[in-house]
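Q: Pasted the sequence and its predicted model underneath.
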Amino acid sequence: MTDTEPADRPIGAWNDPAGLPPALRPLWIMTQKYAAQAIYVLAKLSVADLLAPGPRTADELAGQVGADPRALYRILRCAASVGVFAELPDRRFTLTPEAEGLRSGRPGTFRDLIVLHGEDITWRQYGDIMHSVRTGRPAFEKVFGKPIFDYLADHPEQEALFNRAAEQVAGPVTDGYLQAYDFGRFRRVADIGGGTGYFLGRLLQENPDGSGLLVDRPSAVEESTKVFADLGVASRARAVPGDFFDTVPAGYDAYILKSILHDWPDDRARRILRTVRRAIGDDGDARLLVLDSVLAGGNAPDHGKLLDVHMLVTFGGRERTLEEWWRLIRDGGFEPAAEPVLGTWPVLECRPNPEALP
């Protein structure tokens, strides 16, 4: 037992936070970072891929990944204790259903997203989280010297990882939104900041009479050609590089902002909204669709409340309650057009406010 372990805790209680005294549960939460980084290491080293043919020992794996066998064993043992991999009686390790998510090149994998969560660009700024709390500014900028999107633009390898991670989470998120809302009402759709185009491509798959435009950074636009071709919508989808703080093309029935506005503080988010408002002009039938999390009220558990801290520390953005969303949207030149689709996949449908012409 170390000096930091409570001497009077019941044997085994530390493995079950519900059985701990309430005052100890925050400490249990803090210690989960050890498991998180162990899983990151194993994802980064592609250990799940090496175990796909069958169980192996840490010694056997260490030779292939360039690791110290004893250290790798300890990392594997930690991950196995939370269900990611399993240790067999002969000290070999095997895959579990949870570990399947760390495999490469498979449908449903989250390997790149897990690696991203353990990399410096996601982790190191938390060592200076107090800067964000005291100033309201992202600690990322203090630690890395520039905003995250500028940093990614200057580091293509990290930007590629960021884009791959976004693609891996795009599948279930896209399926959720396409089931929650009828996008087929709109024949011409513009996806503003839509990454490499997966969401737009899947939307067009579901709506064969529609066409779409993707607007994003040049690197994302370049990759969208393959995405649209793979999804079979290349003849109905096109992509152009653009800056949603400056201008977006006019003439579309619906403009989608999916997981965009939460990246930015209110003043920058308002500027994005006003850019779209200018593109719509006096077309009162056009719609803005905001696809972003809506925070639950009170003390209700909500993953968005965890993500909101990451927005503060890394991006400088924020998650918002429904009241905060409507206030921001009205300031951006729009007003509610329908009762919002809430739940896991919120869609806020907005119409241009004719009194807020740009």
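A: Alright, I've got the coordinates. Numbers count the residues shown, from 1 in each chain.
Q: Let's see stretch 316-324 as PDB, backbone CA atoms only.
A: Only the C-alpha atoms of stretch 316-324 are listed here, as PDB (Å, rounded to 0.1, in the frame of the first residue of the first chain):
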ATOM      1  CA  GLY A 316     -11.900  27.900 -26.800                       C
ATOM      2  CA  GLY A 317     -15.500  26.900 -27.700                       C
ATOM      3  CA  ARG A 318     -18.400  25.700 -25.600                       C
ATOM      4  CA  GLU A 319     -21.400  23.400 -25.400                       C
ATOM      5  CA  ARG A 320     -24.700  25.200 -24.800                       C
ATOM      6  CA  THR A 321     -28.200  24.800 -23.300                       C
ATOM      7  CA  LEU A 322     -31.200  25.200 -25.500                       C
ATOM      8  CA  GLU A 323     -31.700  28.700 -24.200                       C
ATOM      9  CA  GLU A 324     -28.100  29.600 -25.000                       C
END
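Q: Sketch out the low-pLDDT regions of the protein for me.
A: 1-13, 357-358 (pLDDT under 70).
Q: Domain ranges for it, per the record?
A: The record's domain split for the chain, according to automatic domain parsing, is 13-104, 172-356.
Q: Let me know which of these is tucked in deepest.
A: Ranked by mean neighbour count, the domains of the chain are led by domain 172-356 with a mean of 18 (mean count of other Cβ atoms under 10 Å). (C-beta placed from N, C-alpha, C; glycine too.)
Q: follow-up on the earlier one: out of the domains of the chain, flag the one nearest Arg124.
A: Counting by Cβ to Cβ, Arg124 lies closest to domain 172-356 out of those; the figure is 10.1 Å.
Q: Using a markdown table, lay out the domains of the chain together with distance to Thr135.
A: Below are these laid out as a markdown table (distance: least, Cβ to Cβ, whole Å):
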| stretch | distance to Thr135 |
| --- | --- |
| domain 13-104 | 24 |
| domain 172-356 | 10 |
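Q: Of the ones you listed, which is nearest Asp112?
A: domain 13-104 (8.4 Å).
Q: mind checking the SS state of Phe93?
A: Secondary structure for Phe93, judged by DSSP: H, G, I helix; E, B strand; the rest coil, is strand.
Q: show me the contacts for it.
A: Neighbouring residues of Phe93 by Cβ atoms under 8 Å, 6 or more residues apart in numbering: 51, 55-58, 61, 76, 80, 85-87.
Q: please redo it, this time with the cut-off set to 6 Å
A: By Cβ atoms under 6 Å, 6 or more residues apart in numbering, Phe93 lies in contact with 76, 85, 87.
Q: which one of those residues sits closest to Pro208?
A: Distances from Pro208 to those, taken as Cβ to Cβ, are shortest for Phe85 (43.3 Å).
Q: wait, the closest one sits on Ala79?
A: Yes: taking contacts as Cβ atoms under 6 Å, Phe85 lies within contact range of Ala79: 5.2 Å.
Q: where exactly do the strands run in this protein?
A: Ranges of strands in the chain, per DSSP state E, are 56-57, 86-87, 92-94, 188-192, 211-216, 237-241, 254-258, 287-291, 334-336, 348-352.
Q: Tell me which other helices or strands the longest helix anywhere in the chain touches.
A: Assignment by DSSP state H gives helix 156-180 as the longest helix of the chain. Using 3 or more Cβ pairs under 6 Å, 6 or more residues apart in numbering; DSSP states H and E as the contact definition, the elements that helix 156-180 packs against are helix 111-118, helix 148-154, helix 198-206.
Q: wait, which of these is closest to Glu324?
A: That would be helix 148-154 among the helices and strands packed on helix 156-180, by Cβ to Cβ, at 22.3 Å.
Q: list the buried ones in that closest one?
A: Of the residues in helix 148-154, those buried by neighbour count under the rule 16 or more other Cβ atoms under 10 Å are 148, 151-152.
Q: thinking again about what came up before, of the contacts of Phe93, just say which sits nearest to Met130.
A: The shortest approach to Met130 among those belongs to Leu76, at 33.7 Å (Cβ to Cβ).
Q: What's opposite the residue lying closest to the closest one once chain neighbours are set aside in the beta bridge?
A: Closest residue in space to Leu76, ignoring its immediate chain neighbours: Phe93 at 5.1 Å, by Cβ to Cβ, 6 or more residues apart in numbering. On the basis of DSSP bridges, Phe93 is bridged to Arg56, Glu87.
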